[in-house]
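1. Sharing a sequence plus its predicted fold:
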2 protein chains.
Amino acid sequence: MGQQQTNPASNPVSGQSGDERAIVRPARPALDAAVSALAAVLLKRVLESIGNPGLRFVLWNGDEIPRHRDAKSGRILIHDMAALLRLVANPAMNFGEMYASRRIDVQGDLPELLEQVYRALPREDGVTDKRLRLGAWLDAQRHSLRQARNNIRHHYDFGNDFYKLWLDREMIYTCAYFPAPAIDLESAQRAKMQHICRKLRLKPGEKVIEAGCGWGAMALHMARQHGVSVQAYNISREQISFARERARQEGFGAQVEFIEDDYRNARGKFDAFVSVGMLEHVGPERYEELGHLIDGVLADHGRGLIHSIGRDYPQALNAWTERRIFPAACPPSLSQMMNIFEPCGFSVLDVENLRLHYAKTLEHWLQRFEANAAAVEAMFDPTVARTWRLYLAGSLAAFRAGNMQLFQVLFARSRDNRIPWTRDAP
Amino acid sequence: MGQQQTNPASNPVSGQSGDERAIVRPARPALDAAVSALAAVLLKRVLESIGNPGLRFVLWNGDEIPRHRDAKSGRILIHDMAALLRLVANPAMNFGEMYASRRIDVQGDLPELLEQVYRALPREDGVTDKRLRLGAWLDAQRHSLRQARNNIRHHYDFGNDFYKLWLDREMIYTCAYFPAPAIDLESAQRAKMQHICRKLRLKPGEKVIEAGCGWGAMALHMARQHGVSVQAYNISREQISFARERARQEGFGAQVEFIEDDYRNARGKFDAFVSVGMLEHVGPERYEELGHLIDGVLADHGRGLIHSIGRDYPQALNAWTERRIFPAACPPSLSQMMNIFEPCGFSVLDVENLRLHYAKTLEHWLQRFEANAAAVEAMFDPTVARTWRLYLAGSLAAFRAGNMQLFQVLFARSRDNRIPWTRDAP
């Protein structure tokens, strides 16, 4: 990546504006020194709270905190006192807020600096059983049919034109599969779809249900390459319109049905259930419900595959990402995911962790995003561009540091002996 | 399989003895009819309690219960009234007890009949969170260092000569891997070891720790085929002696160290941790302890693989199997297994379910066992032979019916990016 920010530290207030900053900025040298001393104390506490990653802060007056640190480490530029105070008050939320509004900048490679932070982060067993139980009702409301629509529209109805700027040609907004790291994104997305179809052993004439179909690439791939018919659910209106138009153009209007509805309203019997990048939005308190839904729509010898971002242990999504990017999203740990299968008579056949493939996918997205940053700014404004840059770079960092995983879970009914003999079996 | 039992129903008491039976056996026709009527009521309740599998009971007087059932279904012959009452009182425990002592027989294919029973069995969510908590202290005692020795010796110190009668040449008492179903057992056991080594990406000169090494085949395979050095733990004295002798004969005495001790006493740093068929004996309440043990002995870029019988959801082992075959054993569900990894900074990379391979392995074992049944009877007595026949046939049935799974779980440290790029990567 290596997008370099200009360094405003040498001329701290150049290009800065805003009343808040003007008011709190100290006027006299003595006060300035006192403020720097206070800032040093506060920022050291911030660093301690996040496991002391090897990074430095640079204040608006050019002061570096901590001093004497390895020059190679990344630097976070804080442009005003109010930004400092907000960062100290709530680093997880306000680093993103201040970065987006350019009151905080990063000098050096943004994903590398964020990876450094992720690698140092202490384990956060935030989601205890107790909290899960207390918050279960509240969480359930956040994933009700109506609220789910709002959550999804917040993110995916951002505009197809925006996503076109940095996704692959087929508009696939989930982890790709790179048979080798150097393969291009378009090929890797096709390889991912093929990887999933192979695990599902799709046969011509079979019926497939897809829960959360994005812009429709997977549904169309299954129809085109494997001769199956597909019912694909999505509650994002913009995505469904796009997918329907594509199906019509490619002549799959009859074979692939794009349904603008919650997958929970699905009816019928299917030979395969597939869901790529939807589980993150379901909420662990609703996994058993999802399991029963699948149980209801899957034929006796049906197979299922869920592809989802995951965690090595249960934890909440970063507060800023949840607020600005993915309302109510929660990547589950495998133990949490098992709540889909274990209560509902399913047998897990195969789990594959593709974490490094998501890091690679994000490298491609971020590269394309940077190449089109001017277009994003023109489409929205600089704050939106910086919000998405930070989100993409942060996600890349999280997958590189092992804070996020990507699980593909293949399953069938417990009693079914028509499962493949080996992974390699044709 | 198809081992046929003679049908003593036509001549109910032939070959039977025992005071208990003599006392309760009705003497007069009227009483006999009343007993049959009572037996019908009781056995119908037994059938209901186990989900009404399509099977019939035949009483000592020739009565069939229930009548008018499909003639193809298997038949359970009950030779005396006391056996009937014990079966009714506790079917899970006493079917095995009565079968072993030949007061109950099975007519037809034993594994098929048992599979029929397993397939009909209602879901048994016996291991609730609450019970787990209440019983946790008790369970922990059953898997203490000392008690673990007793549990293991009960089973594995049964005599190497006994296991030689029906295991493969290398004495491997865990699920084999059949690249194709028709492959012979010897090849399939070698393929299993190779399958595991491939997943672990062993390199010459690396150090491996094996927790629970059986008769040593896996440790010797790793040393011979991959040039690693191995510390292999086992608390079964007979197995360790056998393994040491083999290592000496094959010239691996220096490269493979067989240690008669609990794996929990292991110290040092290793490039790989492997455990094949040991987790079943650990007890879910000790999984986190196991995770921390692995964390302590695994190098930064270490890999681990645990191969274990498992379940689709948490449930207790069949009471009879636990009493007569595997004291304190408990095959875990994946959600339970995650307690090894999630609290301890590990990332699950790959899970493979080899359930049908264990069914195939058991077909081979049972076939060899039947071929050597006379030798087993001569070595011990008919009760032992029937106990082991029922255990092997029951296990085969459980894997065929999907009541048991076989999980291979590959893992590494969460922060480690030196994991393989794909499953197929060299």
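-> Alright, I've got the coordinates.
2. can you tell me the helix or strand for the closest residue to chain B within the stretch 1-150 of chain A?
-> At 6.2 Å from chain B, A:R119 is the closest residue in the stretch 1-150 of chain A, using C-beta to the nearest C-beta. For every residue, glycine as well, the C-beta is placed using N, CA and C. Assigned by DSSP states H and E, A:R119 belongs to helix A:110-120.
3. A:S36 contacts A:E64, doesn't it?
-> No - using C-beta atoms under 8 Å, A:S36 is not in contact with A:E64; the gap is 9.9 Å.
4. coming back round to it: counting contacts, what elements does the helix holding A:R119 pack onto?
-> helix A:382-401 (3 or more C-beta pairs under 8 Å, 6 or more residues apart in numbering or on different chains; DSSP states H and E).
5. Report whether the helix it packs on contacts chain B.
-> Yes - residues of helix A:382-401 contacting chain B under C-beta under 8 Å from any C-beta of the partner chain: A:R400, A:A401.
6. After that helix, which helix or strand is next? Please name it.
-> The helix or strand immediately downstream of helix A:382-401 is strand A:405-413, counting by DSSP H and E.
7. Paired strands for that next one, with orientation please.
-> Strand pairing for strand A:405-413, using DSSP bridges, gives strand A:298-310 (antiparallel), strand A:346-353 (antiparallel).
8. what's the spacing between it and its chain's center?
-> Centroid separation between strand A:405-413 and its chain, computed with C-alpha atoms, centre = their mean, to the nearest Å, is 18 Å.
9. again, but for stretch A:343-355
-> Centroid separation for stretch A:343-355 versus its chain: 21 Å, with C-alpha atoms, centre = their mean.
10. residues contacting the spatially closest residue to the residue of the stretch 1-150 of chain A closest to chain B that is not a sequence neighbour?
-> Sequence neighbours aside, A:A401 is the residue nearest to A:R119 in space, at 4.7 Å (criterion: C-beta to C-beta, 6 or more residues apart in numbering or on different chains). Under the criterion of C-beta atoms under 8 Å, 6 or more residues apart in numbering or on different chains, the contact list for A:A401 reads A:E115, A:Y118, A:R119, B:R415.
11. count of neighbours near the third one?
-> What that stands for is A:R119. Neighbours of A:R119 under the rule other C-beta atoms under 10 Å in any protein chain shown: 17.
12. any idea how chain A splits into domains?
-> With domains defined by automatic domain parsing, chain A comprises A:8-120, A:129-413.
13. deepest of the ones you listed, which one?
-> Stretch with highest mean neighbour count among the domains of chain A: domain A:129-413 (a mean of 20; mean count of other C-beta atoms under 10 Å in any protein chain shown).
14. Output the below-cut-off pLDDT ranges for the stretch 101-250 of chain A.
-> A:126-143, A:148-157 (pLDDT under 70).
15. where along it do the strands fall?
-> Taking DSSP state E, counting those that start in this stretch as the criterion, the stretch 101-250 of chain A carries its strands at A:104-107, A:207-211, A:229-234.
16. ok and the last one relative to strand A:207-211, angle-wise?
-> Computed with axes from the mean of the first three to the mean of the last three C-alpha atoms, to 10 degrees, the direction of strand A:229-234 lies at 10 degrees from that of strand A:207-211.
17. Output the contacting helices and strands for strand A:229-234.
-> In this structure, strand A:229-234 makes packing contacts with strand A:207-211, helix A:217-226, helix A:237-250, strand A:256-260, judged by 3+ C-beta pairs under 8 Å, 6+ apart.
18. Nearest to chain B, out of the ones you listed?
-> Among the helices and strands packed on strand A:229-234, if distance is taken as C-beta to the nearest C-beta, the winner is helix A:217-226, at 19.9 Å.
19. elements contacting that closest one?
-> helix A:185-200, strand A:207-211, strand A:229-234, helix A:237-250, strand A:256-260, strand A:270-276.
20. hmm, who's touching the first one?
-> Residues from elsewhere that reach helix A:185-200 (C-beta under 8 Å, 6+ apart): A:168-170, A:172, A:174-179, A:183, A:208, A:217-218, A:221-222, A:225-226, A:272, A:274, A:276, A:303-305, A:307, A:350, A:357, A:360-361, A:364-365, A:408, A:410.
21. again with the fifth one
-> With contacts defined as C-beta under 8 Å, 6+ apart, strand A:256-260 is touched by A:213, A:216, A:219-220, A:223, A:229-235, A:237, A:240, A:243-244, A:247.
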